[in-house]
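>>> My questions concern the predicted model and sequence given below.
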Amino acid sequence: MGGEQENASLEFAPMGVTAIMMVGLQGAGKTTTSGKLARYLREQHGKKPMLVAADVQRPAAVDQLQSLGRQLDVPVHAEHGADPLKLCGDALASARDRKRDVVIFDTAGRLAIDEALMDELQRIKDRTKPQEILLVVDSMIGQDAVRTAKAFDEALGITGFVMTKLDGDARGGAALSIKEITGKPIKFLGMGEKLDALEEFRA
């Protein structure tokens, strides 16, 4: 697991706005993790993050992200029923206007991987040119996580993982397998529900 720790830190754009795409299946904890990451970047790196509710399929996800933004005092770019591609492009322009230096896109998830989802994510990637594409994986789903990780990596070229729900009885088996199959680093661990419960991965 070790040996590549230099990869495990986040890459920021040398100039302008850093874009981070959060991807994963529904229920993995993507929206909460987006909020946690915004808090982490502000507290640990002195960044000025903005959250983007790009999961326009699920009004509940938009509402949840707006609620997290209020708790964190972080702006949220959201528009119910908007075209996700246009929304993401508008968000980047808005971030520049608002002097925000990191934009975190909470993208759509599905219960299972399908072509329509991957196509949408690919187009968002092309539009936003993210420095990081982080796959949020529920560590409780065990080896299924490996299939998910492989599919997302092949479609999008992810830059790393966030393993969630590691505060329960989950073991590290999925983490080891994912690292083995994709060669991508685990960057963060979600250790609970609270917004400060995100920590950098240490092998």
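That came in fine, so what should we check first? Numbers count the residues shown, from 1 in each chain.

>>> Quick check: phi and psi at A53.
Here is the backbone geometry of A53 (degrees, to the nearest 10): phi -80, psi 80.

>>> can I assume it is in contact with A108?
No - contact criterion CB atoms under 8 Å: A53 and A108 do not qualify, at 10.2 Å. To be clear about C-beta, it is placed using only N, CA and C from the backbone, and glycine gets the same treatment.

>>> Specify which residue of these two has the higher count of neighbours.
Taking other CB atoms under 10 Å, A53 and A108 do not tie; A53 has more neighbours (29 against 20).

>>> and that one, what does it touch?
Applying CB atoms under 8 Å, 6 or more residues apart in numbering to A53 gives the contacts A61, V62, L65, Q66, V76, H77, A78, E79, L87, D106.

>>> Identify those among those residues that sit within helices.
A61, V62, L65, Q66, L87 (DSSP state H).

>>> Export the residues you listed as a markdown table, with columns for distance to A197.
As requested, the ones in helices among the contacts of A53 are exported to a markdown table (distance: CB to CB, whole Å):
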| residue | distance to A197 |
| --- | --- |
| A61 | 20 |
| V62 | 23 |
| L65 | 17 |
| Q66 | 20 |
| L87 | 28 |
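
>>> min pLDDT across the residues you listed, which one?
Across the ones in helices among the contacts of A53, the bottom pLDDT score, 92, is held by A61.

>>> so it touches D106, yeah?
Yes - between A61 and D106 there is a contact at 6.9 Å, judged by CB under 8 Å.

>>> Those two - which one has more neighbours?
Legend: neighbour count by other CB under 10 Å for A61 and D106, higher for D106 (30 against 22).

>>> Which residue is the nearest non-sequential neighbour of the more buried one?
Take D106 and drop its neighbours on the chain: the residue closest to it by CB to CB, 6 or more residues apart in numbering is S34, 4.3 Å away.

>>> List just the nearest of the ones in helices among the contacts of A53 to D144.
A61 (21.6 Å; CB to CB).

>>> For the closest one, give me its contacts.
A61 touches T31, A53, D55, D106, counting by CB under 8 Å, 6+ apart.

>>> Against L195, how distant is A93?
27 Å (CB to CB, to the nearest Å).

>>> Need the CA coordinates for stretch 35-52. PDB is fine.
Extracted C-alpha coordinates of stretch 35-52, given in PDB (Å, rounded to 0.1, in the frame of the first residue of the first chain):
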ATOM      1  CA  GLY A  35     -18.900  18.400   2.000                       C
ATOM      2  CA  LYS A  36     -16.200  16.800   4.100                       C
ATOM      3  CA  LEU A  37     -13.600  17.500   1.400                       C
ATOM      4  CA  ALA A  38     -14.700  21.200   1.200                       C
ATOM      5  CA  ARG A  39     -14.100  21.500   4.900                       C
ATOM      6  CA  TYR A  40     -10.800  19.700   4.800                       C
ATOM      7  CA  LEU A  41      -9.500  21.900   2.000                       C
ATOM      8  CA  ARG A  42     -10.400  25.000   3.800                       C
ATOM      9  CA  GLU A  43      -9.100  23.900   7.200                       C
ATOM     10  CA  GLN A  44      -5.900  22.100   6.000                       C
ATOM     11  CA  HIS A  45      -4.900  24.000   2.900                       C
ATOM     12  CA  GLY A  46      -6.500  27.400   3.400                       C
ATOM     13  CA  LYS A  47      -8.500  27.000   0.200                       C
ATOM     14  CA  LYS A  48     -11.800  28.700  -0.700                       C
ATOM     15  CA  PRO A  49     -14.000  25.900  -1.900                       C
ATOM     16  CA  MET A  50     -17.300  25.900  -3.700                       C
ATOM     17  CA  LEU A  51     -19.700  22.900  -4.000                       C
ATOM     18  CA  VAL A  52     -21.600  22.100  -7.100                       C
END
